[in-house]
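**Q** Okay, sequence plus prediction incoming.
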Amino acid sequence: MLGELINPYYLQVSSFILINIILAVSIYITLGTGQLSLGHAGFMSIGAYTTAILTLNYNMPLVLGVIIAAIVTGIVGTLIGIPALRLQGVYLAIATLGFGEVVRVLFINWDGLTNGAIGLSGIPHLGREIFNLSKSMGIEPDMFGLKNNQFISLAVFFVLLIITISVIWFFVRQNNSRIGRAFSAIKMDEEASEAMGINITYYKVLAFGQGAMLAGFAGALYAHLMAYISPSDFDYHRAVEILIFSIFGGSEVIWGSIFGAVFLSAMPEFLRFINEYRFMIYGALLVLMMAFRPQGIIDVNMMNRFKRLMPKKRGEKKHGTGNKEDQ
Amino acid sequence: MVLEIKKISKNFGGIQALTDVSFSVEEGEILGLIGPNGAGKTTMFNMITAMYPPSSGVISFVGNPLSNLKPHQITEKGICRTFQNIRLFSDLTVRENVMVGNHCRLKTNVMQSVLRTKAQKAEEARVLATSDEILEVVGLANDKETIAKNLSYGAQRRLEIARALASRPKLILLDEPAAGMNEKETNDLFNLIKKIQTLNITVLLIEHDMPLVMRVCSRIIVLNFGKKIAEGTPSSIQNNKEVIEAYLGVEEEDELA
């Protein structure tokens, strides 16, 4: 019965949507301090290649590979974030775009390590690893009436779902705190924030580093989901795609960016016939959004209206940015 | 002495914005800094808050020189300012603006914020209490949840003061707080500044509204073309010839004579 309901293809699409959500959150964090980055595809590729090389060449366990990949990308992001402090708006976008391209070209030309433009294949697959692990624990797909590939897709989906929810949980909580308030203050007026006692250097580098780390983390998961990566997976189009998740869905609130990722990743699946025109539609969407709703589909006002409709949580007090508390 | 300005000069390229200005701010007083437009008043504020460094001279706060500090460190030391052109965090609520002002007195880091440790929760509760208290002082207690940009002009000015007060300063710098206010709002502002004084906060005030300055300040410094031309009590400033000339110009006959 359960076996008939589970379609591995849709589960795989859903898994990619989850990775896109993490990417959208990563750009949201960076945008949240007013820093426009087009380097997230670059950070993603650093994460993907780090874990791929570690697991392929050094037989490192997948989990460790992903964690190290995230840390390495976080460090690179912080190092990029420090000089990037001097750049504002579109200049930062251009500089980070340049960074992304440098990383891509580096991976193309570093043949010995990255296999150049051909890319790396045979990267341990997340599903396989989970499958082997559960087998060793005595759990068989038959026990649920599932075929092997169904079991794998389902397991991958749930693992990624848990990871994604944890990521969102982390950043929602961070946002509703002193840190989140500092982020939004910086986004609105850097000079005033500094005059009000916020160390803008620290918070901007923190946001940039966190965004990079998360993009690297998503890249690492992507590598283990695809089992194959090449530099062309992380080109300029990817950087723009990540940015559009947030710009389209809304960069003011985390839910906007998440919505953007879900909508824009799922759209091509429902509208098969427009797949070839995807980037054209992205372009048109961006133009329309900038003209009519520059803050994205979901903004603070919409969230506040939504929150008022929701029943109040058992007297729990909420505060911080984007949150309303009744008097 | 809370603040001591010693022989401060500032030039922007060839323009001499301030020349050898010295004065001091005594604890608990309300000191007015006045002068015609372009006299260098805001430049002085920007140097006190380390927005940019003076070309020469020393600024000391409670005896310690304030050199090589960043603006946020100045705020931590206990000097906070408002802006001439209102610079609120316009999309945040009134209360959130004040909470941001309290930022430098808080300590929780990323992990504590995410894990909601006991210390973090206690601290957040304190911030809320502090903010409400300050909003009460400035008279915005009923607008806590209003988005800052939707406030009336006078209320925005008061919110700027509230935000600065939230950093728990020893010295507050008010840059033209009465600009654009009507008579009633100016009167409220007078009461607010007096109230701030009772909170043991020293006030340095830039203002063009002379009746307000004369009523509220205990002492006044007058700048003109980057130089200090007078210092003294409101009544002595009102009768100072040089000050009158700076504001009203020199009469023709006088110049000839």
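**A** Looks like it arrived, so ask away.
**Q** Could you point out which residue ranges in the chain have low pLDDT?
**A** Because you didn't say which chain, this covers chain A. Applying pLDDT under 70 to chain A flags the ranges A:1-4, A:311-327.
**Q** try again with chain B
**A** B:251-257.
**Q** How are the helices of it distributed by residue range?
**A** All helices of chain B, identified by DSSP state H, fall at B:41-48, B:71-77, B:94-101, B:110-115, B:118-138, B:153-165, B:183-198, B:210-216, B:234-238, B:241-248, B:252-256.
**Q** Ok, which of those comes nearest residue A:183?
**A** Minimum separation from residue A:183 across those (C-beta to C-beta) falls at helix B:94-101, 10.2 Å. Just so you know, the C-beta spots here come from the backbone N, C-alpha and C atoms, and that holds for glycine as well.
**Q** which outside residues touch that closest one?
**A** Residues outside helix B:94-101 that contact it (C-beta atoms under 8 Å, 6 or more residues apart in numbering or on different chains) are A:181-182, A:184-185, A:193, A:196-198, A:319-321, B:80, B:88-89, B:92, B:127-128, B:130-132, B:134-135, B:140, B:143-148, B:151, B:159, B:162-167.
**Q** how about CSV for the helices of chain B, with mean neighbour count and distance to residue B:177 added?
**A** Shown next, in CSV, are those (neighbours: other C-beta atoms under 10 Å in any protein chain shown; distance: least, C-beta to C-beta, whole Å):
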stretch, mean neighbour count, distance to residue B:177
helix B:41-48, 23, 12
helix B:71-77, 22, 18
helix B:94-101, 29, 16
helix B:110-115, 16, 33
helix B:118-138, 17, 11
helix B:153-165, 24, 6
helix B:183-198, 16, 6
helix B:210-216, 17, 9
helix B:234-238, 15, 17
helix B:241-248, 14, 20
helix B:252-256, 8, 35
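**Q** show me what contacts residue A:196?
**A** Residue A:196 makes contact with A:185, B:72, B:75, B:80, B:100, B:101, B:103, B:104, B:163, B:164, B:167, according to C-beta under 8 Å, 6+ apart.
**Q** hmm, 7 Å instead?
**A** Residue A:196 makes contacts with B:75, B:100, B:101, B:103, B:163, B:167, as judged by C-beta atoms under 7 Å, 6 or more residues apart in numbering or on different chains.
**Q** can you check residue A:248 too?
**A** Residue A:248 is in contact with A:260, A:264, A:285, A:289, A:296, A:297, counting by C-beta under 7 Å, 6+ apart.
**Q** Where does it sit: helix, strand or coil?
**A** Recorded secondary structure, residue A:248: helix (DSSP: H, G, I helix; E, B strand; the rest coil).
**Q** if you skip the residues just before and after it, what's nearest to it?
**A** residue A:260 (4.4 Å; C-beta to C-beta, 6 or more residues apart in numbering or on different chains).
**Q** so how many other residues sit close to the one you found?
**A** 30 (other C-beta atoms under 10 Å in any protein chain shown).
**Q** how near is residue B:109 to residue B:76?
**A** Remark: distance between residue B:109 and residue B:76 (C-beta to C-beta, to the nearest Å) = 16 Å.
**Q** again, but for residue B:219
**A** Residue B:219 sits at a distance of 27 Å from residue B:76 (criterion: C-beta to C-beta).
**Q** what do you get for residue A:308?
**A** 37 Å.
**Q** helix or strand for the residue of chain A at minimum distance from chain B, which one?
**A** Closest to chain B within chain A is residue A:197: 3.0 Å, counting by C-beta to the nearest C-beta. Residue A:197 is part of no helix or strand, with elements assigned from DSSP states H and E.
**Q** ok, now residue A:168?
**A** Per DSSP H and E: residue A:168 is located in helix A:148-175.
**Q** Check the gap between the residue nearest to residue B:194 when sequence neighbours are not counted and chain A for me.
**A** Closest residue in space to residue B:194, ignoring its immediate chain neighbours: residue B:216 at 6.9 Å, by C-beta to C-beta, 6+ apart. Distance, residue B:216 to chain A, by C-beta to the nearest C-beta, to the nearest Å: 23 Å.
**Q** shouldn't residue B:216 be in contact with residue B:30?
**A** Yes. Here residue B:216 reaches residue B:30: they are 5.7 Å apart, a contact under C-beta atoms under 7 Å.
**Q** Can you work out which residues contact both of these two?
**A** Common neighbours of residue B:216 and residue B:30 (criterion: C-beta under 7 Å, 6+ apart): residue B:193.
**Q** residues from chain A in reach of chain B?
**A** Neighbours of chain B within chain A, by C-beta under 7 Å from any C-beta of the partner chain: A:170, A:173-174, A:177-179, A:181-182, A:184-185, A:188-189, A:192, A:194-199, A:300, A:319, A:321, A:324, A:327.
**Q** Give me the buried subset of the residues you listed.
**A** Neighbour counting over those (16 or more other C-beta atoms under 10 Å in any protein chain shown) leaves A:170, A:173-174, A:177-179, A:181-182, A:184-185, A:188-189, A:192, A:194-199, A:300, A:319, A:321 as the buried ones.
**Q** In helices, which of these fall?
**A** Among those, the members found in helices (DSSP H) are A:170, A:173-174, A:178-179, A:181-182, A:184-185, A:188, A:192, A:194-195, A:300.
**Q** quick one: which two of the residues you listed are the most distant?
**A** With C-beta to C-beta as the measure, no two of those lie farther apart than A:170 and A:195, at 29.7 Å.
**Q** number of nearby residues for residue A:165?
**A** Residues contacting residue A:165 under the criterion other C-beta under 10 Å number 12.
**Q** Residue A:257 too?
**A** Using other C-beta under 10 Å, residue A:257 has 31 other residues around it.
**Q** looking at it, it is touching residue A:245, isn't it?
**A** Yes. The criterion here is C-beta under 7 Å, and residue A:257 meets it with residue A:245 at 6.0 Å.
**Q** Now list whatever residues contact both of those two.
**A** Joint contacts of residue A:257 and residue A:245 (C-beta under 7 Å, 6+ apart) are A:24, A:27.
**Q** Walk me through the domains of chain B.
**A** Following automatic domain parsing, one gets these domains for chain B: B:3-78+B:169-256, B:93-166.
**Q** before we move on, back to that, so which of the helices of chain B is nearest residue A:210?
**A** Checking these against residue A:210 by C-beta to C-beta gives helix B:110-115 as the closest, at 8.3 Å.
**Q** distance between the closest one and the chain's centre?
**A** 34 Å (C-alpha atoms, centre = their mean, to the nearest Å).
**Q** what residues are up against the closest residue to residue A:21 other than its chain neighbours?
**A** Of all residues not flanking residue A:21 in the chain, residue A:261 sits nearest, at 4.6 Å (C-beta to C-beta, 6+ apart). Taking C-beta under 7 Å, 6+ apart, we find residue A:261 in contact with A:17, A:20, A:21, A:23, A:24, A:245, A:249.
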